[in-house]
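Peer 1: the following comprises the amino acid sequence and a computationally predicted model.
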Amino acid sequence: QVQLVESGGGLVQAESSLRLSCAASGRTFGRYGMGWFRQAPGKEREFVAAISWSGSTTRYADSVKGRFTISRDNAKNTVYLQMNNLKPEDTANYYCAASRSTYADTARFFDYWGQGTQVTVSS
C-alpha cells in the first residue's frame with residue numbers, strides 16, 4: 001500500500017506561483033510512476049502532469065505546458081508540482097497519484113490517490 005499526502009495549496013492571485021508537494025509512504029516509491037490531476041467544481045478530473053520513476057520522462061497537459069513543472073526526489077519519497085504564472089482557470093482540487101507502473105499518464109493506470117489540496121487563483 002502507498003499513502004499519498006498533498007500539501008502546498010492555497011489562495012493566490014493570478015500570475016503568482018505555488019509549489020505543491022506530495023509525500024508518499026512505502027519503500028518502493030522510487031519505482032512508481034507519479035502524476036498530478038485536478039478537478040474543478042462541476043468538471044471532470046483532468047490530467048495535469050506525469051513523471052516516470054527515474055524522472056527522465058515527463059508529460060504535461062497542453063493547458064499547463066511551459067508554466068508547470070513536475071519533479072521528484074526519490075530519497076525524500078516526494079513528488080512536486082511547481083506552478084508558475086497561475087491563472088484563474090487553474091483553480092481546482094489537485095490530486096497526487098501513484099502508479100505501480102514505472103510511468104503512466106492516464107488516470108485508469110494509477111493505483112493510489114491522495115486526498116487532494118485546493119488551489120484557488122483569483123483574478
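Peer 2: It's in. Numbers count the residues shown, from 1 in each chain.

Peer 1: so where is this structure shaky, pLDDT-wise?
Peer 2: Within the chain, not a single segment meets pLDDT under 70.

Peer 1: ranges for the strands of it?
Peer 2: For the chain, applying DSSP state E gives strands covering 4-7, 10-13, 18-24, 33-39, 46-51, 58-60, 68-73, 78-83, 92-99, 112-113, 117-122.

Peer 1: indicate which one of the ones you listed is closest to T106.
Peer 2: strand 46-51 (7.3 Å; Cβ to Cβ). No exception for glycine: its C-beta is placed from N, CA and C like everyone else's.

Peer 1: what's the end-to-end length of stretch 90-107?
Peer 2: 19 Å (Cα to Cα, to the nearest Å).

Peer 1: one more: stretch 24-40?
Peer 2: 24 Å.

Peer 1: mind checking how far the residue most central in space within the chain is from R27?
Peer 2: Within the chain, one residue has its C-alpha closest to the average C-alpha position: by Cα atoms, centre = their mean, that is W36, at 2.5 Å. According to Cβ to Cβ, to the nearest Å, W36 stands 22 Å off from R27.

Peer 1: check Y112 too.
Peer 2: Between Y112 and R27 the computed distance is 14 Å (Cβ to Cβ).

Peer 1: circling back: hmm, the residue nearest to the centre of the chain is touching N93, no?
Peer 2: No - between W36 and N93 no contact is recorded; they are 11.2 Å apart, counting by Cβ atoms under 8 Å.

Peer 1: just to revisit the earlier point, neighbour-wise, which of Y112 and R27 wins?
Peer 2: Between Y112 and R27, Y112 has the larger neighbour count (other Cβ atoms under 10 Å), namely 18 against 8.

Peer 1: that one and Y32: what is the separation?
Peer 2: To Y32, Y112 is 8 Å away according to Cβ to Cβ.

Peer 1: which neighbours do the two share?
Peer 2: 2, 98 (Cβ atoms under 8 Å, 6 or more residues apart in numbering).

Peer 1: can I get the strands of the chain in a markdown table with distance to T106?
Peer 2: As requested, the strands of the chain are exported to a markdown table (distance: least, Cβ to Cβ, whole Å):
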| stretch | distance to T106 |
| --- | --- |
| strand 4-7 | 18 |
| strand 10-13 | 28 |
| strand 18-24 | 18 |
| strand 33-39 | 9 |
| strand 46-51 | 7 |
| strand 58-60 | 10 |
| strand 68-73 | 15 |
| strand 78-83 | 17 |
| strand 92-99 | 9 |
| strand 112-113 | 14 |
| strand 117-122 | 22 |
